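Visitor: What follows is a predicted structure for the sequence shown.
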Amino acid sequence: MYSMRDDIERILVSEKEIEETVTRIAAEIDRDYGDSERSLLLLAILKGSVVFMGDLMKKIRRPVEIDFMRVSSYSGTETRGKVDILLDLHRDDLGRVDILIVEDIVDSGKTLAYLSNYLKFKGAHSVKCATMLNKPSRRKVDFEPDYSGLVIPDYFVVGYGLDYNEKYRTLPFIGILKPEIYTD
């Protein structure tokens with residue numbers, strides 16, 4: 001019987017490492033936002049970051065609100081260089097809100113740089129980014145996440161919300177996808 005695990009070359013980040021990383025990031029967020037009077041909005045970028053945000057919000061001790069945006073910037077395994085907003089954030093109180101964009105992976109940085117500027121333009125009091133995975137070797141713009149889980153090499157990874165053609169999101173670890181799965 002077929003298992004998605006058969007398509008994984010090797011596990012890059014174990015379930016235990018994921019939990020430890022999420023706990024560390026949550027503690028950093030509590031440290032930085034713990035005394036703030038403003039609302040802290042965790043803004044998940046659909047769909048990949050939902051798993052990370054679900055775990056993260058359970059570990060943050062201060063009250064948080066959640067919301068979602070959906071953007072598109074990839075075609076297959078490559079970024080198109082253009083960001084399309086498919087689901088936008090609509091709030092009247094952005095000037096009183098600290099936004100923490102929650103992302104599964106920062107690759108080229110183009111999407112997050114664009115969204116950060118976009119949300120500031122819309123009037124957010126502040127905008128920061130938390131990512132589970134950071135891939136600086138692929139960076140195309142000057143962008144660094146404020147909270148970075150793990151720096152990883154340039155592998156095509158799936159699991160823990162990350163997908164290839166909508167598959168593999170449910171894997172409880174982060175694994176390197178076998179190249180023959182995504183190459184012709």
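Guide: Received, thanks. Note that this is a predicted model, so its numbers are computed, not measured.
Visitor: Can you pull out the low-pLDDT segments for this structure?
Guide: The chain contains residues with pLDDT under 70 at 74-81, 184.
Visitor: make it 80
Guide: Scanning the chain for pLDDT under 80 picks out 73-82, 184.
Visitor: hey, where'd the strands end up in it?
Guide: Assigned by DSSP state E, the strands in the chain fall at 8-13, 39-46, 65-75, 78-87, 97-106, 126-134, 147-151, 157-158, 174-177.
Visitor: same for the second one, what does it pack against?
Guide: Okay, so that is strand 39-46. Judged by 3 or more Cβ pairs under 8 Å, 6 or more residues apart in numbering; DSSP states H and E, strand 39-46 is in contact with helix 50-59, strand 65-75, strand 97-106, helix 110-121. No exception for glycine: its C-beta is placed from N, CA and C like everyone else's.
Visitor: next one: it to chain centre, how far?
Guide: On the basis of Cα atoms, centre = their mean, to the nearest Å, strand 39-46 sits 10 Å off its chain's mean C-alpha point.
Visitor: Only the buried residues of that strand, if you could.
Guide: 39-45 (16 or more other Cβ atoms under 10 Å).
Visitor: Also stretch 176-184?
Guide: Those would be 176-177, 181, for stretch 176-184 by 16+ other Cβ under 10 Å.
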